[in-house]
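K.L.:
predicted model follows, preceded by the sequence.
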Amino acid sequence: MKFSRFAVDPPSIDKCYRLSVWIRTIGITKSSGAYIYLNAYDKNGNYVEESSSEFTLIQTPTDLVESAYNGWAEYQFYVQPSETDIFEMELEITIGLRGGQDSFSPVSGKAYITEIYLYELDYTEFSSASKGNTINTVSLKSTVSTNNLINNGSFNNTKTSAPNLTYPITPASWSSLYAGQRSIVEQYDESKLAPNKSKAFTDDYSSIGGMIYKAQGSDVYGKYYVNQSDFYYADDDAHSALVIYNKEATARGFTSSSFTLAANSFYRISVLAKGIDDAIPSVYLTNGAATVFASFEGTNNGDYVSSAFTDIDKNINGSGYSRYYIYVATGNVQKSVYLELWLGNRGATDISGYQKGSVMFDCAECLLLDDAESDTNVSEEYQSLFDGETSFASTTADIKNIYTEMQAVTSTKANLEVLDYRYNEVSETGDLTRLIDIAKDKTEIDAELTSLVSIFNNKFYEDETEGKYYIELEKNDDDIKTFRVYLNSLINATDATDPVDDTPQPKEPLNWIVVSSLIITSLMLVSIVAIIIRRFVKFRKTETMDSNYNVK
């Protein structure tokens with residue numbers, strides 16, 4: 001028997017559910033029993049096995065005297081919604097396994113069912129439920145895409161186990177930050193210029209930040225100076241957002257937990273951001289400390305949309321949202337990074353880097369792009385970013401030798417930052433060897449080679465006369481053969497600081513066996529020549545005598 005489906009809408013913190021049913025079995029085959037299934041279906045109607053649950057082999061008490069409920073037993077499912085996805089749940093009850101029985105294991109008996117109820121709960125009741133013989137807990141949060149490396153990028157999970165009804169709610173996997181004079185600090189320090197985040201939620205606060213939900217009342221919106229219409233992008237798949245409101249000009253941000261980019265791979269990091277009135281969001285990719293790999297400051301417009309978001313983002317135009325992109329090519333070692341979302345500049349030390357107003361962030365994600373088809377071709381999406389750009393950015397550089405540290409690559413596309421590990425921070429000889437390898441495949445000194453030489457020299461390598469590697473391209477004109485020889489000579493060049501060994505070298509002794517052999521060979525040649533001459537002279541004499549006898 002199947003019962004009508006019921007919808008489970010996100011977000012996971014909004015509300016939870018309890019489905020209960022009373023059942024009594026009579027005369028069920030001892031090796032079998034009744035089964036209660038809670039089937040999960042995604043928004044496309046597909047059965048999702050990993051999000052479903054069941055009770056198996058149910059046989060209720062037969063001793064009615066000892067049974068507390070005259071042989072009846074209650075079975076309960078506690079259900080937590082997904083962070084972002086809509087699900088439908090379906091109750092199904094069978095005697096024996098569903099879908100037919102093995103012909104050698106027939107099942108007989110009866111099952112009585114009553115009191116089927118579906119309740120709405122708050123999160124605390126779900127989190128306090130203990131799984132047991134008659135209680136199952138089902139969390140649909142596990143259905144959130146595991147491909148996204150950024151935890152809680154949709155800002156639906158709270159940092160505490162129960163919802164904090166006093167807003168703002170701190171999102172799980174994110175930490176609050178303030179810009180200080182020389183550092184980033186999570187806890188307020190009076191020696192810093194940022195405001196005290198621990199102040200009471202009253203008129204004298206300077207900045208507040210956290211998660212708010214579209215379904216919350218106007219009192220919450222009023223505290224952030226946002227409206228329900230500012231959730232325009234947040235449709236049925238996402239009802240919450242991260243909001244930062246600076247009543248006084250300051251710099252306030254949130255940082256994600258660390259996520260790791262694998263070696264020799266290509267990634268797309270993106271986040272939706274919206275500035276309200278004159279506020280401008282800032283987005284950073286950092287190492288969690290002083291190093292900033294990529295940043296967007298002072299810009300809140302742009303029309304670049306990845307092909308992956310063409311349909312998804314088609315309705316956000318005019319809503320005030322922009323999607324910010326950071327594309328990354330990693331080197332031959334993995335890299336741990338953080339995504340930071342700010343109102344005001346991360347490194348602000350005075351009012352010039354501060355901002356007032358409200359900003360909203362949503363749908364932050366980091367996805368691995370499709371693997372390259374070969375060692376020398378990057379992901380199609382990654383490579384397409386360089387089309388029509390500078391000679392360095394548009395080069396089809398050989399990436400078989402990928403190195404370790406990111407650098408920004410020029411791009412004129414709006415809201416887009418591209419970073420590349422491929423050219424920085426390796427040994428000098430390693431850099432030079434890479435250039436030699438590329439030069440081997442060239443027929444002339446072209447734009448790519450010229451650009452790579454410029455990058456090489458910009459690392460402040462000193463002239464080769466001082467034992468370093470500095471490439472003087474003008475020495476070689478366009479002669480690629482001379483250039484290859486020249487590059488090799490730099491690797492093999494003698495360091496000027498090395499001492500010169502002027503010690504006279506001893507002469508090799510004469511090899512008398514070789515000398516004797518040469519003398520004997522020479523004498524034999526002389527003897528042969530002498531014999532030939534003697535025979536030639538004898539022949540000439542005979543010819544002369546014959547000619548005298550024939551005179552008439």
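P.N.:
Done, it's in. Residues are numbered from 1 along each chain as shown.

K.L.:
when you work out contacts or count neighbours from here on, use the C-alpha atoms and nothing else.
P.N.:
Noted.

K.L.:
would you agree Lys141 falls within a helix?
P.N.:
Yes - Lys141: assigned to a helix according to DSSP: H, G, I helix; E, B strand; the rest coil.

K.L.:
so it sits against Phe87, correct?
P.N.:
No - the pair Lys141 and Phe87 does not pass the contact test of C-alpha atoms under 8 Å, sitting 10.9 Å apart.

K.L.:
so the two - more neighbours on which side?
P.N.:
Each of Lys141 and Phe87 has its neighbours counted (other C-alpha atoms under 10 Å); Phe87 has more, 25 against 18.

K.L.:
can you pull the pLDDT of the more buried one?
P.N.:
Listed pLDDT for Phe87 reads 91.

K.L.:
picking that back up, anything in contact with each of Lys141 and Phe87?
P.N.:
Listed as contacting both Lys141 and Phe87 by C-alpha atoms under 8 Å, 6 or more residues apart in numbering are Pro81.

K.L.:
what bits of the stretch 101-250 of the chain have low per-residue confidence?
P.N.:
Within the stretch 101-250 of the chain, the stretches with pLDDT under 70 are 101-105, 142-146, 159-168, 180-206, 215-220, 232-239.

K.L.:
how many neighbours does Tyr221 have?
P.N.:
Tyr221: 16 neighbours (other C-alpha under 10 Å).

K.L.:
again with the one 4 residues further on
P.N.:
Taking other C-alpha under 10 Å as the neighbour definition, Tyr225 ends up with a count of 19.

K.L.:
name the nearest residue to it, ignoring sequence neighbours.
P.N.:
Ser358 (6.8 Å; C-alpha to C-alpha, 6 or more residues apart in numbering).

K.L.:
pLDDT at the one you found, what is it?
P.N.:
Reported pLDDT for Ser358: 92.

K.L.:
now do the contacts for it.
P.N.:
By C-alpha under 8 Å, 6+ apart, the contact set of Ser358 is Tyr224, Tyr225, Val226, Val243, Ile244, Tyr245, Asn246, Gly275, Ile276, Asp277, Ala279, Leu343.

K.L.:
same for the helix or strand hosting the fourth one, what does it pack against?
P.N.:
Yep, that's Val243 we're talking about. Assigned by DSSP states H and E, Val243 belongs to strand 240-250. If you count contacts as 3 or more C-alpha pairs under 8 Å, 6 or more residues apart in numbering; DSSP states H and E, strand 240-250 packs onto strand 207-213, helix 218-224, strand 252-256, strand 335-343, strand 355-368.

K.L.:
format these as JSON lines; extra columns: distance to Ile28.
P.N.:
As requested, the helices and strands packed on strand 240-250 are exported to JSON lines (distance: least, C-alpha to C-alpha, whole Å):
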{"stretch": "strand 207-213", "distance to Ile28": "49"}
{"stretch": "helix 218-224", "distance to Ile28": "56"}
{"stretch": "strand 252-256", "distance to Ile28": "54"}
{"stretch": "strand 335-343", "distance to Ile28": "57"}
{"stretch": "strand 355-368", "distance to Ile28": "51"}
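
K.L.:
got a quick ChimeraX command for the buried subset of the contacts of Ser358?
P.N.:
Here is the ChimeraX command that selects the buried residues among the contacts of Ser358 (16 or more other C-alpha atoms under 10 Å):
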select :224,225,226,243,244,245,246,275,276,279,343
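
K.L.:
Tyr112: neighbouring residues, count only.
P.N.:
Neighbours of Tyr112 (other C-alpha under 10 Å): 10.

K.L.:
need the contact list for it.
P.N.:
For Tyr112, counting by C-alpha under 8 Å, 6+ apart, the contacting residues are Ile23, Arg24, Thr25.

K.L.:
surely Tyr41 is in contact with Phe87?
P.N.:
Yes - Tyr41 lies in contact with Phe87 (C-alpha under 8 Å); the separation is 5.7 Å.

K.L.:
related to what we said a few turns ago, so what touches the strand holding Val243?
P.N.:
Contacts for strand 240-250 (C-alpha under 8 Å, 6+ apart): 11, 154-156, 171, 194-195, 205-214, 224-225, 231, 234, 252-253, 342-344, 351, 353-362.

K.L.:
let me know the angle separating that strand from strand 335-343.
P.N.:
Relative orientation of strand 240-250 and strand 335-343, computed by axes from the mean of the first three to the mean of the last three C-alpha atoms, to 10 degrees: 70 degrees.

K.L.:
so where's the stretch 451-552 of the chain shaky on pLDDT?
P.N.:
In the stretch 451-552 of the chain (pLDDT under 70), the answer is 455, 458-468, 475-478, 493-518, 526, 533, 535-552.

K.L.:
please redo it, this time with the cut-off set to 50
P.N.:
494-500, 502-503, 507-508, 510, 545, 547-552 (pLDDT under 50).

K.L.:
Ile351: how many residues sit nearby?
P.N.:
Counted with other C-alpha under 10 Å, the neighbours of Ile351 add up to 12.
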